[in-house]
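Participant: Got a sequence here, can you build the structure:
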Amino acid sequence: MRKFFLAFVISLFFSLGLLAGFNSLMSELSILSYLMFLAPLMLLSYTIFFKAFRKITSLLKLEMDQKDDRLLRVIFTLIFGLSFFSIFITGLIFEYKTKPSSLKLLQSISKELLLDYDIYLSYDVSDVDIESFFIRKIEMKEISKIANAYEIIYKEIRKYPKSFFKEIGMKHIYVGRELLSNGDVVGGLSVSNKQMILLDGYKWSNFYIKGLVHHEIFHQIMGYVGKSSKGFIKEWSDLNEKDFDYIGSYKCYLETERNDPLFSVKNKGFVSTYSKKSYEEDMCEIYKDLCSSKWTRKSLAEKVKDDSIIEEKMILMENLLKDRFQIEIVSGETISLKKVPPEQKFKDLLP
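Facilitator: Next comes the predicted model:
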């Protein structure tokens, strides 16, 4: 009996330990998203428990008849079922009690961004009328779906000095869904002459939206710098390998990516395949990795080890930010951009 109990306990701890490991990986998800992952994880843990139990009982030379096996399944099904039910109910209560309504949250974030940064953040895209672009308005029943996007946008904007957006002239961020450019699905758009960026905050992951914010902000930076950046653009493009030319249009980029199996590995100097579309997308992709998170910066650091062109492009970007905006990208637990005296040297941009 002791051996039987020992086998049960070891198997239970093993399966629940696996569940706890997955739990730590999922800790950054919202509670409801977490619960969606929890059900299959508990089923997996349940399955592993029985396999482990049978293996241990075999090693301990314990015999189990069909009746014992059936009883054990009933007991463990009750344990896992009650555990999931209690977590589910607790999660729903936590979600309801601790989070403000989605609409209030959106209104609060919009108000703070307007007061602190003079940026108008809105999901009402009915007034956005841009030729060859389309963005669908978020309906009231879909408000909760973009709450995460609002929180991410707010957090990423707060990395910048308050005067920065007034300087580059960016005034509007619109969040919608089904964002199209000439009929093609895109995650974001920057419209410099209208001082706005458009983001699809409905479809994409939190990680993707975070990078998207900085990518589109750099488009706004280049729109502000304008014609005076011609020398910078030439210097940037000259860093590329001699046989390389930017693809140009988005449609050509999609066709090349689809039809050329070596497209992603051809040519050094690029952090992503999308960087090869144009010099501006090339710049935006590097800037996105620098500003998004410590993980994207570590990834960039690894690429630089084997790619000196990316490193030279980073130095050029560093100088542009310093000379035009007196901005430094400061690394730490969080990434921030702060004003520095023009004569001050930049810290190393990489970890």
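
Participant: burial count for residue 281?
Facilitator: As a burial measure, residue 281 scores 21 neighbours (other C-beta atoms under 10 Å). The way it works is simple: take the backbone N, C-alpha and C, and place the C-beta from them, glycine included.

Participant: And for residue 198?
Facilitator: Burial of residue 198 is recorded as 26 neighbouring residues (other C-beta under 10 Å).

Participant: who touches the one helix or strand it maps to?
Facilitator: According to DSSP states H and E, residue 198 maps onto strand 196-200. Here strand 196-200 makes contact (C-beta atoms under 8 Å, 6 or more residues apart in numbering) with 125, 128, 133, 135, 149, 153, 170-179, 186-191, 209, 212-213, 216-217, 219-220.

Participant: Show the buried residues in these.
Facilitator: With neighbours counted by 16 or more other C-beta atoms under 10 Å, the contacts of strand 196-200 contain buried members at 125, 128, 135, 149, 153, 170-177, 179, 186-191, 209, 212-213, 216-217, 219-220.

Participant: can you give me the strands for the chain?
Facilitator: 120-122, 133-136, 172-181, 184-185, 188-191, 196-200, 327-330, 336-339 (DSSP state E).

Participant: Would you mind measuring from residue 210 to residue 292?
Facilitator: Separation of residue 210 from residue 292 (C-beta to C-beta, to the nearest Å): 5 Å.

Participant: Now for the two: what residues contact both?
Facilitator: Common neighbours of residue 210 and residue 292 are listed as residue 156 (criterion: C-beta under 8 Å, 6+ apart).

Participant: which sections of the stretch 1-150 of the chain are below the confidence cut-off?
Facilitator: 1-50, 52-54, 56-57, 60-65, 68-69, 72, 76, 79-100 (pLDDT under 70).

Participant: switch the cut-off to 50
Facilitator: Applying pLDDT under 50 to the stretch 1-150 of the chain flags residues 1-3, 22-29, 98.

Participant: Same question for the stretch 201-350 of the chain.
Facilitator: Confidence mapping of the stretch 201-350 of the chain against pLDDT under 50 gives the ranges 342-350.

Participant: where do the helices sit along it?
Facilitator: 206-225, 230-238, 250-259, 279-292, 294-306, 308-325 (DSSP state H, counting those that start in this stretch).

Participant: Packed most tightly, which of those would that be?
Facilitator: Among the helices of the stretch 201-350 of the chain, helix 279-292 has the highest mean neighbour count (mean count of other C-beta atoms under 10 Å), at a mean of 23.

Participant: Pull out the CA atoms of it and give them to me as PDB.
Facilitator: What follows is helix 279-292, C-alpha atoms only, in PDB (Å, rounded to 0.1, in the frame of the first residue of the first chain):
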ATOM      1  CA  TYR A 279      15.500  52.200 -47.000                       C
ATOM      2  CA  GLU A 280      12.800  53.700 -44.700                       C
ATOM      3  CA  GLU A 281      11.500  50.300 -43.700                       C
ATOM      4  CA  ASP A 282      15.100  49.200 -43.100                       C
ATOM      5  CA  MET A 283      15.500  52.000 -40.700                       C
ATOM      6  CA  CYS A 284      12.200  51.500 -39.000                       C
ATOM      7  CA  GLU A 285      12.900  47.800 -38.400                       C
ATOM      8  CA  ILE A 286      16.200  48.500 -36.600                       C
ATOM      9  CA  TYR A 287      14.600  51.300 -34.600                       C
ATOM     10  CA  LYS A 288      11.800  49.000 -33.600                       C
ATOM     11  CA  ASP A 289      14.200  46.400 -32.300                       C
ATOM     12  CA  LEU A 290      16.200  49.000 -30.400                       C
ATOM     13  CA  CYS A 291      13.100  50.500 -28.600                       C
ATOM     14  CA  SER A 292      10.700  47.600 -28.100                       C
END
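
Participant: Show residues contacting it.
Facilitator: Helix 279-292 has contacts (C-beta under 8 Å, 6+ apart) with 156, 159, 210-212, 214-219, 222, 233, 236-237, 246, 270-272, 274-276, 296-297, 299-300, 310, 313-314, 317, 329, 335, 337, 349.

Participant: quick one, that helix and helix 250-259 angle?
Facilitator: On the basis of axes from the mean of the first three to the mean of the last three C-alpha atoms, to 10 degrees, helix 279-292 is oriented at 70 degrees to helix 250-259.

Participant: what angle do helix 279-292 and helix 294-306 make?
Facilitator: Here helix 279-292 points in a direction 120 degrees away from that of helix 294-306 (the same axes, to 10 degrees).

Participant: Many thanks, have a good one.
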